[in-house]
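Visitor: need coordinates for the below:
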Amino acid sequence: MALPQPKNDGFKRRILGFCFSQTTKRYKVIREICDNRWTFATQEHQSHQIEVHTLGTEKWRNIGDLPYSFPTTEYLCFCDSLNGALHWLVQPRNNTTFICHFDIENEQFKPFPGPPVQDLSSIRHMHLGVSGGFLYLCEKFLTSYSVEIWVMKDYGVEQSWTKEFVVSNAEWINSIWNRGPVQILNYGLYTKMEAMERC
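Guide: The predicted model follows:
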């Protein structure tokens, strides 16, 4: 399926997400647009806007300014939808706001609570993902060959972030991460099985 082509208006565009609306039973594509004079990798606060296209229609809809700055593409996370929202890593304003979520139905961006991080400057790479119905965050540190994986056990509850896995002194992490971020698969499978056994 071909998406409507943008006009040659001097703006750069980048696809951010793809999701499904339970209300309309249609798919949506979300993209960021910015002035062509700026690159998406810039750390400065530029005027970025968001457009949404509902598959089956003929136009993109501009829903206004993007309230957050996305970091470089190296850190940009294209995340599966969870609980009716898409989630991304954003340029941190402080040590608590570095995740945002996009409500698929009302098409609004909001900050989302992340795990406790003492110093974001000590983290080289981060990856946000969904596995087994849980949101997780992988952190790779600058000063060591280690990765920490946090899992949000209770969606939307900041205190429920739990450091679930720690991979220490793993020099192979660098070569793996160059091919793609470290991810966890089928998280929650054993948790669900254990819950069934207790019933």
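Visitor: strands of the chain, residue ranges please.
Guide: 11-21, 26-35, 48-54, 60-65, 85-89, 99-103, 108-112, 123-131, 134-141, 147-152, 161-167 (DSSP state E).
Visitor: and these as JSON lines, adding mean pLDDT, mean neighbour count and distance to residue 4?
Guide: C-beta here means a position set from N, CA and C on the backbone, and glycine is covered the same way. Compiled in JSON lines, the strands of the chain are given as follows (pLDDT from 0 to 100; neighbours: other CB atoms under 10 Å; distance: least, CB to CB, whole Å):
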{"stretch": "strand 11-21", "mean pLDDT": "88", "mean neighbour count": "16", "distance to residue 4": "11"}
{"stretch": "strand 26-35", "mean pLDDT": "89", "mean neighbour count": "17", "distance to residue 4": "10"}
{"stretch": "strand 48-54", "mean pLDDT": "91", "mean neighbour count": "18", "distance to residue 4": "7"}
{"stretch": "strand 60-65", "mean pLDDT": "92", "mean neighbour count": "13", "distance to residue 4": "6"}
{"stretch": "strand 85-89", "mean pLDDT": "92", "mean neighbour count": "22", "distance to residue 4": "21"}
{"stretch": "strand 99-103", "mean pLDDT": "92", "mean neighbour count": "21", "distance to residue 4": "20"}
{"stretch": "strand 108-112", "mean pLDDT": "92", "mean neighbour count": "16", "distance to residue 4": "23"}
{"stretch": "strand 123-131", "mean pLDDT": "83", "mean neighbour count": "19", "distance to residue 4": "29"}
{"stretch": "strand 134-141", "mean pLDDT": "86", "mean neighbour count": "21", "distance to residue 4": "32"}
{"stretch": "strand 147-152", "mean pLDDT": "89", "mean neighbour count": "21", "distance to residue 4": "36"}
{"stretch": "strand 161-167", "mean pLDDT": "90", "mean neighbour count": "15", "distance to residue 4": "39"}
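Visitor: okay if I get the ones you listed as TSV plus distance to residue 5?
Guide: Formatted as TSV, the strands of the chain follow (distance: least, CB to CB, whole Å):
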stretch	distance to residue 5
strand 11-21	10
strand 26-35	12
strand 48-54	11
strand 60-65	10
strand 85-89	23
strand 99-103	24
strand 108-112	25
strand 123-131	30
strand 134-141	34
strand 147-152	38
strand 161-167	41
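Visitor: and residue 187, which of these is closest to it?
Guide: Closest to residue 187 of the strands of the chain, according to CB to CB: strand 123-131, at 3.9 Å.
Visitor: so which elements touch that closest one?
Guide: Contacts defined by 3 or more CB pairs under 8 Å, 6 or more residues apart in numbering; DSSP states H and E place strand 123-131 against strand 85-89, strand 134-141.
Visitor: run the last query once more with 10 Å
Guide: Of the remaining helices and strands, those touching strand 123-131 by 3 or more CB pairs under 10 Å, 6 or more residues apart in numbering; DSSP states H and E are strand 85-89, strand 134-141, strand 147-152, helix 172-179.
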